[in-house]
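A.B. asks: sequence isn't available, so here's the structure alone:
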């Protein structure tokens, strides 16, 4: 179901967490709220869920105005960063919770729990307690629990933030596929631009309680509206007021002096596998780094201390 | 002796560590023995010094039986009351967001700070014959002071803080995540409390209940002031022990004291068993 947030403002004491925020999320979309900590992304998610009340503005889920509705009446599924398991209940009881409080028939609950545990690949662990599961398993249990009452929207607050890198990568991929399968409107909060790019269809970049830009991952990367978005959704070199992406800096074969090229001193070469990061000092003394492939450095025999020719792209300048 | 000079200081320091550890143990155990074990053991010894028969006689003495049941009655009223209110106060202190929360915290601790005798006197001032409510109450035929209701009040007053104080840290550690999760899953406040919060804080509550029970069983000062200590009417076990002791009935005093000690022990044991059984059944 579509979600519509209109002119929402929220203050905690003197701190403005959200400053007149408007957001529209289409039915069935998978959206990321991306921003640094303190940008208001979690607050916005909690306001949609009904876990916080906005000072002003309104929230609509589907056709229903829910601004004053309690969390339990909104039909949202919520997943917390630290899983928030019911530690005294088995995995099956955790997943069944939302159905039990709705007094659904036992047989129906049983069938639904089985189905969900299979969906999150926890079948066979139904009688375990959360403390006997790994972090990744607990988070999948939390997801099954949130999905059990068939929520209209699924909200995830830094769902993979507490997991180690490998499990995280797995779960990202898995969340994407899950969304393709069940198509429930989903919003997740993250501070990791790579995670947002990889999983979401639409990214909403937030900063200091405001939405800086919303759009498809590629759109944000290629046409950032301002400095903040540009530097948040990918690596940047900053040259005064101008910004350029490290992979747009070209290293040229020796002797090439086509227009736009300049000489640069190689300060350091960092091999990160396929990607190589070449730190350069330009003729005018400014430092930049270029992102090139292993093949390029091999072909051009790039070494530290060497002087070579680079071509800088037209930098992007944002109006202040 | 080894001639290796390097080894000597090591051995010496090892020995001194051992000695200081032994010394610490002796001091700690000696303290416990002199302060706790010896006096309690002496009570048991003195009680059964002349065999079981005088003990049985002292136990079946009508005033003793009455004191026993009165103690049970006081515990049976004060403990559930303080459990319910204790949990409520803990929730207010930890989850509430109102001005003057710190003041509530102070008020809850008052019974710890005020001497029980003062508590008793204060209750007499309010509920006694000349007290604020006393006149109205006696006009309606309700006696609080020098009667069981006053003893209930005094017992409840002095044992109030335990459940709240044991529950607050557990609630704090639990955090609000699981309660919020329950809310988004469709649970109302009541369902959230019974199904999520209470099971998660149960060990804190149980421990608080045990402490409350022990305190309620052993209360002397406040109850002594408000009860009037009428034999066979307003004497619970501690008052009865004191009464027997003052009347040179050593066996009576010791026997009642032993019964009191056994009641407290039974409470501790019950909690221990309950904790163990539930813990082994559920991996928490």
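C.D. replies: Cool, the structure landed. This one's a predicted model, so the numbers in the text were calculated from it and none came from an experiment.

A.B. asks: now do the SS call for the residue lying closest to residue A:23 once chain neighbours are set aside.
C.D. replies: Once flanking residues are discounted, residue A:23 sits nearest to residue A:5: 4.3 Å by Cβ to Cβ, 6 or more residues apart in numbering or on different chains. (Each C-beta comes from the backbone N, C-alpha and C, glycine too.) Under the three-state scheme (DSSP: H, G, I helix; E, B strand; the rest coil), residue A:5 adopts strand.

A.B. asks: mind checking how far residue A:5 is from chain B?
C.D. replies: 17 Å (Cβ to the nearest Cβ, to the nearest Å).

A.B. asks: same thing with residue A:144?
C.D. replies: 12 Å.

A.B. asks: what residues are up against residue A:42?
C.D. replies: Each residue near residue A:42 by Cβ atoms under 8 Å, 6 or more residues apart in numbering or on different chains is listed here: A:157-158, A:189.

A.B. asks: and for residue A:125?
C.D. replies: So residue A:125 contacts A:91, A:117, A:133, A:137 (Cβ under 8 Å, 6+ apart).

A.B. asks: do the same with residue A:170
C.D. replies: Residues near residue A:170 by Cβ under 8 Å, 6+ apart: residue A:136.

A.B. asks: and the pLDDT at it?
C.D. replies: The per-residue pLDDT reported for residue A:170 equals 87.

A.B. asks: next, it: secondary structure please.
C.D. replies: Quick answer, by three-state DSSP: residue A:170 is helix.

A.B. asks: what residues of stretch B:30-49 count as buried?
C.D. replies: B:43, B:46-47 (16 or more other Cβ atoms under 10 Å in any protein chain shown).

A.B. asks: for that stretch, give me every contacting residue.
C.D. replies: Contacts of stretch B:30-49 (Cβ under 8 Å, 6+ apart): B:55, B:250-251, B:254-255, B:257-258, B:261.

A.B. asks: go again using 10 Å as the cut-off
C.D. replies: Stretch B:30-49 is contacted from outside by B:29, B:54-55, B:58, B:250-251, B:253-262, using Cβ atoms under 10 Å, 6 or more residues apart in numbering or on different chains.

A.B. asks: how deep is residue 150 tucked in, by neighbour count?
C.D. replies: The chain I'm using is chain A. By other Cβ atoms under 10 Å in any protein chain shown, 12 other residues sit near residue A:150.

A.B. asks: meant chain B actually
C.D. replies: The burial count for residue B:150: 24, using other Cβ under 10 Å.

A.B. asks: one more: residue B:15?
C.D. replies: 10.

A.B. asks: quick one: residues contacting residue A:181.
C.D. replies: Contacts of residue A:181 by Cβ under 10 Å, 6+ apart are residue A:119.

A.B. asks: likewise for residue A:128?
C.D. replies: So residue A:128 contacts A:90-92, A:122, A:137, A:141, B:283 (Cβ under 10 Å, 6+ apart).

A.B. asks: and which of the residues you listed is nearest residue B:64?
C.D. replies: residue B:283 (45.9 Å; Cβ to Cβ).

A.B. asks: need the residues of the stretch 101-250 of chain B near chain A, please.
C.D. replies: B:174-189, B:191-192, B:195-196, B:198-200, B:202 (Cβ under 10 Å from any Cβ of the partner chain).

A.B. asks: if we use 7 Å, what do you get?
C.D. replies: Within the stretch 101-250 of chain B, the positions near chain A by Cβ under 7 Å from any Cβ of the partner chain are B:177-178, B:180-188, B:191, B:196, B:199-200.

A.B. asks: just the buried residues of the residues you listed.
C.D. replies: Using 16+ other Cβ under 10 Å, the buried ones in these are B:177-178, B:180-187, B:191, B:196, B:200.

A.B. asks: okay if I get these as a markdown table plus pLDDT and secondary structure?
C.D. replies: Converted to a markdown table, those look like this (pLDDT from 0 to 100; DSSP: H, G, I helix; E, B strand; the rest coil):
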| residue | pLDDT | secondary structure |
| --- | --- | --- |
| B:177 | 94 | helix |
| B:178 | 95 | helix |
| B:180 | 96 | helix |
| B:181 | 96 | helix |
| B:182 | 96 | helix |
| B:183 | 96 | helix |
| B:184 | 96 | helix |
| B:185 | 96 | coil |
| B:186 | 95 | coil |
| B:187 | 95 | coil |
| B:191 | 95 | helix |
| B:196 | 96 | helix |
| B:200 | 93 | helix |
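
A.B. asks: and residue B:208, what element?
C.D. replies: helix B:198-218 (DSSP states H and E).

A.B. asks: which outside residues touch that helix?
C.D. replies: Taking contacts as Cβ atoms under 7 Å, 6 or more residues apart in numbering or on different chains, the residues outside helix B:198-218 that touch it are A:87-88, B:71, B:74-75, B:78-79, B:82-83, B:86-87, B:155, B:158-159, B:162-163, B:166-167, B:170-171, B:174, B:178, B:238, B:260, B:263-264, B:267-268, B:271, B:274.

A.B. asks: filter these down to the buried ones.
C.D. replies: A:87-88, B:71, B:74-75, B:78-79, B:82-83, B:86-87, B:155, B:158-159, B:162-163, B:166-167, B:170-171, B:174, B:178, B:238, B:260, B:263-264, B:267, B:271.

A.B. asks: the residues you listed in helices, which ones?
C.D. replies: Per DSSP state H, helices hold the following members of those: B:71, B:74-75, B:78-79, B:82-83, B:86-87, B:155, B:158, B:162-163, B:166-167, B:170-171, B:174, B:178, B:238, B:260, B:263-264, B:267, B:271.

A.B. asks: span of stretch A:70-82 from start to end?
C.D. replies: 22 Å (Cα to Cα, to the nearest Å).

A.B. asks: mind checking the SS state of the closest residue to residue B:148 other than its chain neighbours?
C.D. replies: Computed as Cβ to Cβ, 6+ apart, the closest residue to residue B:148 that is not its neighbour in sequence is residue B:234, at 6.6 Å. With three-state DSSP as the basis, residue B:234 sits in coil.

A.B. asks: if we can go back for a sec, nearest to residue A:25, of the contacts of residue A:42?
C.D. replies: Looking across the contacts of residue A:42 and measuring by Cβ to Cβ, the closest to residue A:25 is residue A:189, at 12.9 Å.
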